[in-house]
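Colleague: quick one, what's the 3D model for this:
(2 chains)
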Protein chains: 2
Amino acid sequence: MENPFNDIYFMKKALLEAEDAFEKGEIPVGAIIVIKDRIIARSHNLTELLNDVTAHAEMQAITAATNFLGGKYLTNCTLYVTLEPCQMCAGALYWSQISKIVYGASDDKRGFKTLGTTIHPKTEVVSGVLAKEASELMKRFFIEKRNLN
Amino acid sequence: MENPFNDIYFMKKALLEAEDAFEKGEIPVGAIIVIKDRIIARSHNLTELLNDVTAHAEMQAITAATNFLGGKYLTNCTLYVTLEPCQMCAGALYWSQISKIVYGASDDKRGFKTLGTTIHPKTEVVSGVLAKEASELMKRFFIEKRNLN
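Modeller: Next up is the predicted model:
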């Protein structure tokens, strides 16, 4: 039997986090961190609520996961995030030595790929998982925001 | 009369923070953020103590300064940091739209300049302020660490 705990399963959990962000008026990005099919961190963007540009979903997830594990490194962990990480988050992931990054929608303007941020050589990157769902959530957010202003 | 609150004056304050980090067994990097000659954030590297790779001096300083100001952006602010920021910190500084970054020693391996991290177009960067002092503190830290192990 195929393992039900695949990238799509976990990305759906990250999308639930992104929806939570949406409801709070935050740019809807969600993240989770998984070790051995177990979710050890869940987070979503909180930059507006916390008035803090560093409060991206990934940054909070890294802090929560390392806190859970009691160590600085995220070896054997996978991050699922609905949007391509920015250079700050990719830089933090570099330091964490995380094993795998799976993201949904691409960010062609401020994503780490476009900006050429260095990823740790031990880190595998997978892109495009449930990209359409993540991208549509973002689009809906910006349309609603525009209509409210 | 020359303004005594110049880059050297403030970098000395950042160096005091770096020395605090040293005494805690942290890689000695210190940072402060200044607005109109007033220090609104002081911090030093706490990655070991907090078991958190995101706890660089600059990241904490950004969070503290935005908290003080009650807004997400650090327009009209200057960051003084004893070591060239890494790509994570430079990425965070990008989002903060900080007006000026002044750093001491260069980090030719993991600094944002070597790694080509994009800085906000509104941000001025000054390097090499009390670089020797910052660099010697780092060297002393790694020598002592090696001798203890």
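Colleague: how far does stretch A:62-76 sit from the chain's center?
Modeller: In this view, stretch A:62-76 has its centroid 15 Å away from the chain centroid, taken as CA atoms, centre = their mean, to the nearest Å.
Colleague: okay, buried residues for that stretch please.
Modeller: A:62-66, A:69, A:72-74 (16 or more other CB atoms under 10 Å in any protein chain shown). Placement of C-beta: from N, CA and C, glycine included.
Colleague: in a strand, that's where A:Ile32 is, yeah?
Modeller: Yes: secondary structure of A:Ile32 (DSSP: H, G, I helix; E, B strand; the rest coil): part of a strand.
Colleague: so which helix or strand of chain A has the lowest pLDDT on average?
Modeller: Between all helices and strands in chain A, the lowest mean by mean pLDDT, DSSP states H and E belongs to helix A:131-148, at a mean of 94.
Colleague: could you dump the buried residues of stretch A:62-76 into TSV with secondary structure added?
Modeller: Below are those laid out as TSV (three-state DSSP):
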residue	secondary structure
A:Ile62	helix
A:Thr63	helix
A:Ala64	helix
A:Ala65	helix
A:Thr66	helix
A:Leu69	helix
A:Lys72	coil
A:Tyr73	coil
A:Leu74	coil
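Colleague: which helices and strands sit right next to the least confident helix or strand of chain A?
Modeller: Using 3 or more CB pairs under 8 Å, 6 or more residues apart in numbering or on different chains; DSSP states H and E, the elements in contact with helix A:131-148 are helix A:7-23, strand A:77-83, strand A:100-105.
Colleague: highest mean neighbour count out of those?
Modeller: Compared across these, strand A:77-83 shows the largest average neighbour count, a mean of 28 (mean count of other CB atoms under 10 Å in any protein chain shown).
Colleague: so what's the gap between that strand and the chain middle?
Modeller: For strand A:77-83 - counting by CA atoms, centre = their mean - the centre lies 4 Å from the chain centre.
Colleague: and the angle from that strand to strand A:100-105?
Modeller: On the basis of axes from the mean of the first three to the mean of the last three CA atoms, to 10 degrees, strand A:77-83 is oriented at 10 degrees to strand A:100-105.
Colleague: quick one: average pLDDT of the following helix or strand past strand A:77-83?
Modeller: Following strand A:77-83 in sequence order, the next helix or strand is helix A:87-96 (DSSP states H and E). Taken as a whole, helix A:87-96 has a mean pLDDT of 98.
Colleague: okay, the angle between helix A:87-96 and helix B:87-96?
Modeller: If you take the same axes, to 10 degrees, helix A:87-96 sits at 160 degrees to helix B:87-96.
Colleague: before we move on, the earlier item: mean pLDDT and distance to B:Ser99 for the helices and strands packed on helix A:131-148 - can I get that in CSV?
Modeller: Below are the helices and strands packed on helix A:131-148 laid out as CSV (pLDDT from 0 to 100; distance: least, CB to CB, whole Å):
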stretch, mean pLDDT, distance to B:Ser99
helix A:7-23, 98, 29
strand A:77-83, 98, 28
strand A:100-105, 98, 32
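Colleague: rewinding a little: and chain B, which of the buried residues of stretch A:62-76 reach it?
Modeller: When contact is defined as CB under 8 Å from any CB of the partner chain, the buried residues of stretch A:62-76 meet chain B at A:62-63, A:66, A:72-73.
Colleague: what two of those residues are the furthest from one another?
Modeller: Using CB to CB, these reach their maximum pairwise distance at A:Thr63 and A:Tyr73, which is 13.1 Å.
Colleague: need phi/psi at the closest residue to A:Cys77 other than its chain neighbours.
Modeller: What sits nearest to A:Cys77 in space, not counting adjacent residues and going by CB to CB, 6 or more residues apart in numbering or on different chains, is A:Ile35, at 4.9 Å. Main-chain dihedrals, A:Ile35, degrees, to the nearest 10: phi -130, psi 130.
Colleague: could you do A:Ser127 as well?
Modeller: Note on A:Ser127: its backbone torsions stand at phi -120, psi 160 [degrees, to the nearest 10].
Colleague: tell me the secondary structure for A:His120?
Modeller: Three-state call for A:His120 (three-state DSSP): coil.
Colleague: what's the local residue count around the nearest residue to it once chain neighbours are set aside?
Modeller: Nearest residue to A:His120, sequence neighbours excluded (CB to CB, 6+ apart): A:Tyr94, at 4.8 Å. A:Tyr94 has 23 neighbours, counted by other CB atoms under 10 Å in any protein chain shown.
Colleague: so what's A:Tyr94 up against?
Modeller: By CB atoms under 8 Å, 6 or more residues apart in numbering or on different chains, the residues touching A:Tyr94 are A:117-120, A:123, B:87-88.
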